[in-house]
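Could you work out the structure for the sequence below:
(2 chains)
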There are 2 protein chains.
Amino acid sequence: MGSNLYLGLVHHPIYDKRKEVVATAVTNFDVHDIARCARTFGLGGFFVITPLESQIQLVERIIRHWVEGAGATYNPTRKESLSLVQVSRSIDEADRTVSDLWKKKVKRVATGAAPHPQSIGFEPLRQLLGDHETPFLILFGTGWGLTREVKDSSDYVLAPIEGRGYNHLPVRSAVAIILDRLLGDRT
Amino acid sequence: MGSNLYLGLVHHPIYDKRKEVVATAVTNFDVHDIARCARTFGLGGFFVITPLESQIQLVERIIRHWVEGAGATYNPTRKESLSLVQVSRSIDEADRTVSDLWKKKVKRVATGAAPHPQSIGFEPLRQLLGDHETPFLILFGTGWGLTREVKDSSDYVLAPIEGRGYNHLPVRSAVAIILDRLLGDRT
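Now for the predicted structure:
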């Protein structure tokens, strides 16, 4: 069994520009960049979460190409990273997959660019992750971010990355920074 | 005058898979993601470095669209980030632009995924950047990374990001992590 931290990239339910709840399309770069970060920091797995059948098939085709197909010999480092990726139809499905594997309830961590009244800091969460007996699922929203319901129903909401008056990082960059803050080498 | 740290994304001279020196094509996602990171961490500027005329025109068209064109009203946060971007034909040209602005020699910092005998750690470089009188230009290589000549002729070579036996981060993710380690909020 790998690390106790799993990552979910949520394409639904998330907000769009007008704060309506939508399902976004999967971005190929998200899958590759986040898989490489997940592999770099030794995550247990990376769930691409989408209920849309067309998107599920797209992601499964990307994974197959690089893990089993011609891509696996062309670029073995992509095989290594994309081996961590699987598709889930919902946050709950990803949650169950991890809970079933660990035979233990998974702790959910929501992320976002805005402050939240009950947020946990990076260092306290880093310490919690040190309890290798408990699995954690950290959720990142695409589009304009995770819905309020997802945040409110999570065990923790992680503090935002503080920019100099600008909080519009791409989700790919936010994932890289947050994984480094939680798991990166600090010696 | 903004921050004393400037970033250069180098498309030539860099290595390809066979360690030959080449010029890579510009990736649209690199420009957007790195510009957003640069804006988040308050960088002085972001140079896309390429000698290829077709690529120079491509990047200038992207910048114009989002900074002056229809994109500026459609998405003002892209205007804010892409305002930091300019094209340079070579590392030396980017270097001169910063040195001329500051009327002071710029310190060059090379980055890479492999260890280097004279590398500087993240914390020492973070402290050096605290001297706001000296401009720094941090260079990231595309493709298979900066050439040995570029590293050897830099003032500093930054230590690599240590992964769990996997050092194949996309340059976009490496930029995000390194800027956070050098300039991110640590309180």
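
Can you pull the residues of chain A lying near chain B?
By Cβ under 8 Å from any Cβ of the partner chain, the residues of chain A that approach chain B are A:29, A:32-33, A:36-37, A:39-42, A:77, A:80-81, A:161-164, A:166-170, A:172-177, A:180-181, A:184-185. Using the backbone N, CA and C atoms, a C-beta is placed for each residue, glycine as well.

which of those are buried?
By neighbour count, with 16 or more other Cβ atoms under 10 Å in any protein chain shown, these hold A:29, A:32-33, A:36-37, A:39-42, A:80-81, A:161, A:163, A:167-170, A:172-177, A:180-181, A:184 as buried.

show me the residues around residue A:131 that make contact.
Residue A:131 makes contacts with residue A:4, as judged by Cβ atoms under 8 Å, 6 or more residues apart in numbering or on different chains.

Give me the distance between it and chain B.
19 Å (Cβ to the nearest Cβ, to the nearest Å).

Which stretches in chain A count as helices?
Remark: helices assigned in chain A by DSSP state H are A:28-40, A:53-67, A:70-74, A:76-82, A:91-102, A:122-129, A:148-152, A:171-183.

what's the pLDDT at residue A:187?
If you check residue A:187, the pLDDT there is 68.

Tell me if I'm right that residue A:39 and residue A:84 touch.
Yes - between residue A:39 and residue A:84 there is a contact under Cβ atoms under 8 Å: 5.9 Å.

looking at it, residue A:185 is touching residue B:164, isn't it?
No - if you go by Cβ under 8 Å, residue A:185 and residue B:164 don't touch, sitting 9.6 Å apart.

sorry, back to before: can you put the helices of chain A in JSON lines and add mean pLDDT?
Output for these, formatted as JSON lines (pLDDT from 0 to 100):
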{"stretch": "helix A:28-40", "mean pLDDT": "97"}
{"stretch": "helix A:53-67", "mean pLDDT": "95"}
{"stretch": "helix A:70-74", "mean pLDDT": "89"}
{"stretch": "helix A:76-82", "mean pLDDT": "93"}
{"stretch": "helix A:91-102", "mean pLDDT": "98"}
{"stretch": "helix A:122-129", "mean pLDDT": "96"}
{"stretch": "helix A:148-152", "mean pLDDT": "97"}
{"stretch": "helix A:171-183", "mean pLDDT": "97"}
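
Let's have those helices in TSV, adding distance to residue A:3.
As requested, these are exported to TSV (distance: least, Cβ to Cβ, whole Å):
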stretch	distance to residue A:3
helix A:28-40	9
helix A:53-67	19
helix A:70-74	23
helix A:76-82	14
helix A:91-102	11
helix A:122-129	8
helix A:148-152	23
helix A:171-183	8
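
mind checking which of the ones you listed is nearest residue B:53?
Closest approach to residue B:53 among the helices of chain A is made by helix A:28-40 (26.1 Å; Cβ to Cβ).

who touches that closest one?
Helix A:28-40 has contacts (Cβ under 8 Å, 6+ apart) with A:7, A:9, A:45-46, A:48, A:59, A:62, A:77-78, A:80-82, A:84-85, A:142, A:171-172, A:175-176, A:179, B:29, B:161, B:163-164, B:166-170, B:172-173.

go with 7 Å
Applying Cβ atoms under 7 Å, 6 or more residues apart in numbering or on different chains, the external contacts of helix A:28-40 come out as A:7, A:9, A:46, A:48, A:59, A:62, A:80-82, A:84-85, A:171-172, A:175-176, A:179, B:29, B:163-164, B:166, B:168-170, B:172-173.

now stretch A:94-102
The contact list for stretch A:94-102 (Cβ under 7 Å, 6+ apart) reads A:6, A:8, A:47, A:49, A:88, A:105-106, A:108, A:135, A:137.

List the buried residues in that stretch.
So, applying 16+ other Cβ under 10 Å, buried residues of stretch A:94-102: A:94-95, A:97-98, A:102.

what about the residue lying closest to residue A:141 once chain neighbours are set aside, how many neighbours?
Nearest non-adjacent residue to residue A:141, counting by Cβ to Cβ, 6 or more residues apart in numbering or on different chains: residue A:14, 4.4 Å away. Residue A:14 has 22 neighbouring residues, counting by other Cβ atoms under 10 Å in any protein chain shown.

Residue A:14 against residue A:149, yeah?
No - with contact defined as Cβ atoms under 7 Å, residue A:14 does not count as touching residue A:149 (11.0 Å).

quick revisit: which two in the contacts of stretch A:94-102 are spaced the farthest apart?
Farthest apart among the contacts of stretch A:94-102 by Cβ to Cβ are A:49 and A:105. That separation is 18.5 Å.

From the neighbour counts alone, determine which of the two ranks first.
The neighbour count for residue A:49 versus residue A:105, taken as other Cβ under 10 Å, is higher for residue A:49 (27 against 12).

which residues touch residue A:57?
Residues counted as contacts of residue A:57 (Cβ under 7 Å, 6+ apart): none.

Check the gap between the nearest residue in space to residue A:166 that is not next to it in sequence and residue B:73 for me.
Leaving aside its sequence neighbours, residue A:166 sits nearest to residue B:39 (Cβ to Cβ, 6+ apart; 4.9 Å). Residue B:39 sits 18 Å away from residue B:73, taking Cβ to Cβ, to the nearest Å as the criterion.

cool, and residue A:37?
Distance, residue A:37 to residue B:73, using Cβ to Cβ: 33 Å.

returning to that earlier point: kindly supply the PyMOL command isolating those of the contacts of stretch A:94-102 that are buried.
In PyMOL syntax, the buried subset of these is picked out as below (16+ other Cβ under 10 Å):
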select buried, chain A and resi 6+8+47+49+88+106+108+135+137
